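> Sharing a model that was predicted from the sequence below.
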Amino acid sequence: MRVLIASVKVPFVRGGAEVHAEGLRRALVDRGHDADLIEIPYKWYPPERILDHMLACRLLDLTESDGKVVDRLIGLKFPAYLIPHPHKVLWIIHQHRQAYDLWDHPTLSDMITSADGGAIRKAIHDADCELIPEAQAVYTVSGRVSDRLKRYCGLSSVPLYHPPPGAEFFHCEDAEDYFFYPSRLSASKRQALVLDALARTKEPVRVVFASASDHPAYSEQLHAMCRDLKVDRRVEWRGTVNEDEKRQLYARCVGTLFTPVDEDYGYVTLEAMLSSKPVITCKDSGTPVEFVQDKATGMVVEPTPDSLAKAMDTLWRNRNAAKAWGAKGREHYASLGISWSTVVERLLA
Amino acid sequence: MKLNWFSPLPPSRSGVSVYTASLLPVLAGRGEVILWTDQESWDPCLDRYAEVRRFQPDSAVWAEVNRADLSFLNIGNNALFHRWIWLASQRHPGVLIVHDVRLHDFFAGVYLHFQKDLDGYRGLMRRYHGDEGARDAELFARHQRDAAYMAERYPLTGPALQNAAGVVVHTKQAFEMARLHTDAPVVRFELPYKVREFSADEAAGSAVSAPDTPPPYRLIVFGHLGANRRIESVLRALAELPERRQFSLDIYGEVWNESDVRRMAGELGVGDIVSLHGFVEESELEAALSASHLAINLRYPTVGEASLSQLIIWDHSLPTLVEYVGWYADLPLEAVSFIRPEHEIADLKVRLRNFLEDPQWFERMGKQGRRILKERHAPDTYADALLRFGAEVERTGSRGIEKRLTARVGTEISRWLHPAAMDPLIHHAATEINALSAGTRRVEREATDQPPAPETGPKKLL
């Protein structure tokens, strides 16, 4: 089949969604399909700019390319999933969350502070409610995303999990003295919460952060926090690391930290499970909670510095438990049957 | 339900502030109301019913505004009271409650008085009323055109409504005009008024019973007394009436040309039966109304407003002489007596003679007025209809989004595409703009005490 994957691209920003789209393309090609990725440039501020992008997507014609029919369009992200196509299937990574669950979020929303934010929010709701059902089938990347789609738009969908990139290369080694938090430095990932918690641990806990920063200001804020909290000697900022380094850091950590706000999917949880490492996450972290079994494959705690500090101390002190929970996490991953073959089969059905 | 309510508030000398104060207890019984104001102080009684917030157009305030379910913004003809609300409405689409639809005075005040921007005023007039409008704007700015002329020829309703999600008016004339100037849903509701509760004694004699009292009969004129209130015609009619000694005339409120009125009354020989009281406290005005026999409530020209003064008059069971124009011309015949603008002085004399000949008939007129006030202007009915309309507008969405996208497409393609080649792209864009907002449905009907029902036909853009 000739398959187009439609997503959006914020120039110079690379995260899980980009990896996801590339992973899908590779999986399709590996299975003999002619697949390509269309990424629409996306800018969401000021909020009225979103409307332009929505209209731009609607004006695209991807039914054919170079005189050949496009058999299937797979829409991943808003507003690219609004692109019309007679044989469209959606695999939604997320909707524009500032119009939904993050509308009134104290730090992650700028739509509500815009004079016409309410009208733009409603326009997004209307478009989603009206145009998502154009698709022949609607899948999402997780139960969390499906829940939101049902709650806010009344639309049913099926969660479809996929493996993280290079899933087969993750491995486990003896633990060294650090927790690993591999995620973009971003307010939505709450690295600041981890620093607050670190300052409250009773054990000499260390944390290694890896990945680039979304915004220099947040990065500066985190470094300032380290100094103020006097934990800078217990924190290591590795910045962007390559895949081998990342897998090595997973393999040798005591456990993995992943504390986002209502994450849509998040490879970190799955990568930690593949590395046989326990995961500490928060009750409001979204999809990680779908995967982590509290006190069996990791810990699911309140999103407070004290709770998080207590969890880190627990695993720091009980390395045997950490090792056992990690092993059980790997078993749990295997039991979920997560594979690209399943994904491709469903999306092209 | 949480409501934003943008309005001037008491003690500002705005009729809209009186309207808001009278409606607030009823609204507060139906939801949480946030009163937004630009005033530094307000009547503390309002705090019993609503949280009052100072409006500053910054991001924190918009976040607070956006947390409410509905926004109602009151627009009137006085730039002093309504400029900030109009500015807010340009950025925040909500339901506009338009108290005057002929808004030339308002925009002249905004541009010439507040912004000292003659070019902006001229540009606005040119945009909405062409070169002739721009020429008259120039003359008006040089005091060579009067406000009545400008309001009649150049209503400037459109720029007030351009970002409205819905529009509420109180008169048929306003309804028709608003429909011409917006594609947002428009509804008409009767202006609300809370009828005073009288004690048994007051009820028996809430208006002085003309047959039981000897002349002189007390005539009353009150309110904001601009040139369109026809004080000069009233003075002339009295002067020409042989039976003028059987009347006295009390004028309450700020008269725009008070010294001229005093001089004219003296010259016409009615100075001894005419009293100008100026602006007085509400209690003093109430007492004066209760002691009066006949109210004269003329407007010519009218700017399309409903008269709160008329409702106050009816609340005192007073018979009224009104001009046969605008909202007034639709008042029930049994509750008012009409004065034709083109025969103003002659008709006034006839009506005053009618009063002397059959005061009982006029007394019945006043009682009918109070009955109508109770039946048609009940605040509860008004508030219910208003909230139903607001909810419907919220559900169906603002057409501002569609207009913005349409303008964006137009702006972009007009820069590089020849007009002859535009049609297919415009058609495609229009189809997709409709598709993006297909969850919305247009509502547009005239209503009095019934909730609006949505129209369900396909929408057309471009």
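Received, thanks. Keep in mind it's a predicted model, so treat the numbers as computed, not measured.

> and the closest residue to residue A:234 other than its chain neighbours, how far is that from chain B?
Distances taken as C-beta to C-beta, 6 or more residues apart in numbering or on different chains put residue A:206 closest to residue A:234, at 4.8 Å, once the chain neighbours are dropped. Bear in mind the C-beta positions are built from the backbone N, C-alpha and C, glycine included. Using C-beta to the nearest C-beta, to the nearest Å, residue A:206 is found at 39 Å from chain B.

> now do residue A:175
Taking C-beta to the nearest C-beta, one finds residue A:175 at 45 Å from chain B.

> give me the residue from the stretch 101-250 of chain B nearest chain A.
With C-beta to the nearest C-beta, the shortest gap between the stretch 101-250 of chain B and chain A falls at residue B:165, namely 7.4 Å.

> That residue against residue B:95, yeah?
Yes: under the criterion of C-beta atoms under 8 Å, residue B:165 makes contact with residue B:95 at 6.1 Å.

> Convert stretch A:86-99 to PDB, retaining C-alpha atoms only.
Taking Å, rounded to 0.1, in the frame of the first residue of the first chain, the C-alpha atoms of stretch A:86-99 are listed here in PDB:
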ATOM      1  CA  PRO A  86     -11.200   9.200   1.900                       C
ATOM      2  CA  HIS A  87      -9.300   6.400   3.500                       C
ATOM      3  CA  LYS A  88      -8.000   8.000   6.700                       C
ATOM      4  CA  VAL A  89      -7.200   6.200   9.900                       C
ATOM      5  CA  LEU A  90      -6.200   8.100  13.000                       C
ATOM      6  CA  TRP A  91      -3.700   7.000  15.600                       C
ATOM      7  CA  ILE A  92      -3.900  10.000  17.800                       C
ATOM      8  CA  ILE A  93      -0.900  10.900  19.900                       C
ATOM      9  CA  HIS A  94      -2.800  13.700  21.500                       C
ATOM     10  CA  GLN A  95      -5.300  16.500  20.800                       C
ATOM     11  CA  HIS A  96      -4.400  20.100  21.400                       C
ATOM     12  CA  ARG A  97      -4.400  19.700  25.200                       C
ATOM     13  CA  GLN A  98      -4.600  23.400  26.000                       C
ATOM     14  CA  ALA A  99      -8.100  23.300  24.700                       C
END
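
> gap between that stretch and the chain center?
14 Å (C-alpha atoms, centre = their mean, to the nearest Å).

> Just the buried positions in that stretch, please.
Across stretch A:86-99, burial judged by 16 or more other C-beta atoms under 10 Å in any protein chain shown covers A:87-99.

> same thing with stretch B:134-144?
Applying 16+ other C-beta under 10 Å to stretch B:134-144 flags B:134, B:136-137, B:140-141 as buried.

> so where do the helices sit in the stretch 351-462 of chain B?
B:359-376, B:379-396, B:400-416, B:422-436 (DSSP state H, counting those that start in this stretch).

> same for the first one, what does it pack against?
The one in question is helix B:359-376. helix B:308-315, strand B:320-323, helix B:344-357 (3 or more C-beta pairs under 8 Å, 6 or more residues apart in numbering or on different chains; DSSP states H and E).

> Can you add mean neighbour count and mean pLDDT and give the ones you listed back as JSON lines?
Formatted as JSON lines, the helices and strands packed on helix B:359-376 follow (neighbours: other C-beta atoms under 10 Å in any protein chain shown; pLDDT from 0 to 100):
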{"stretch": "helix B:308-315", "mean neighbour count": "24", "mean pLDDT": "94"}
{"stretch": "strand B:320-323", "mean neighbour count": "25", "mean pLDDT": "96"}
{"stretch": "helix B:344-357", "mean neighbour count": "18", "mean pLDDT": "96"}
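
> Show me the one of the ones you listed that comes nearest residue B:173.
strand B:320-323 (12.8 Å; C-beta to C-beta).

> tell me the average confidence for the helix ranked longest in chain B?
As assigned by DSSP state H, the longest helix anywhere in chain B is helix B:118-141. In this model, helix B:118-141 carries a mean pLDDT of 96.

> What helices and strands are in contact with the very next helix or strand once past that helix?
Once the chain leaves helix B:118-141, the next helix or strand it forms, by DSSP states H and E, is helix B:147-153. Counting contacts by 3+ C-beta pairs under 8 Å, 6+ apart, helix B:147-153 packs against helix B:104-108, helix B:118-141.

> Of these, which stretch is the most buried?
Of all the helices and strands packed on helix B:147-153, helix B:104-108 carries the top mean neighbour count, a mean of 24, counting by mean count of other C-beta atoms under 10 Å in any protein chain shown.

> and for that helix, what are the contacting residues?
B:75-79, B:82-83, B:86, B:100, B:121, B:124, B:140, B:147, B:150-151, B:154-156, B:159-160, B:303 (C-beta atoms under 8 Å, 6 or more residues apart in numbering or on different chains).

> Run the chain-centre distance for that helix.
Distance, centroid of helix B:104-108 to centroid of chain: 14 Å (C-alpha atoms, centre = their mean).

> Averaged pLDDT, it. What do you get?
95.

> any idea how far the closest residue to residue B:383 other than its chain neighbours is from residue B:12?
Nearest residue to residue B:383, sequence neighbours excluded (C-beta to C-beta, 6+ apart): residue B:26, at 4.4 Å. Using C-beta to C-beta, to the nearest Å, one gets 21 Å for the distance from residue B:26 to residue B:12.
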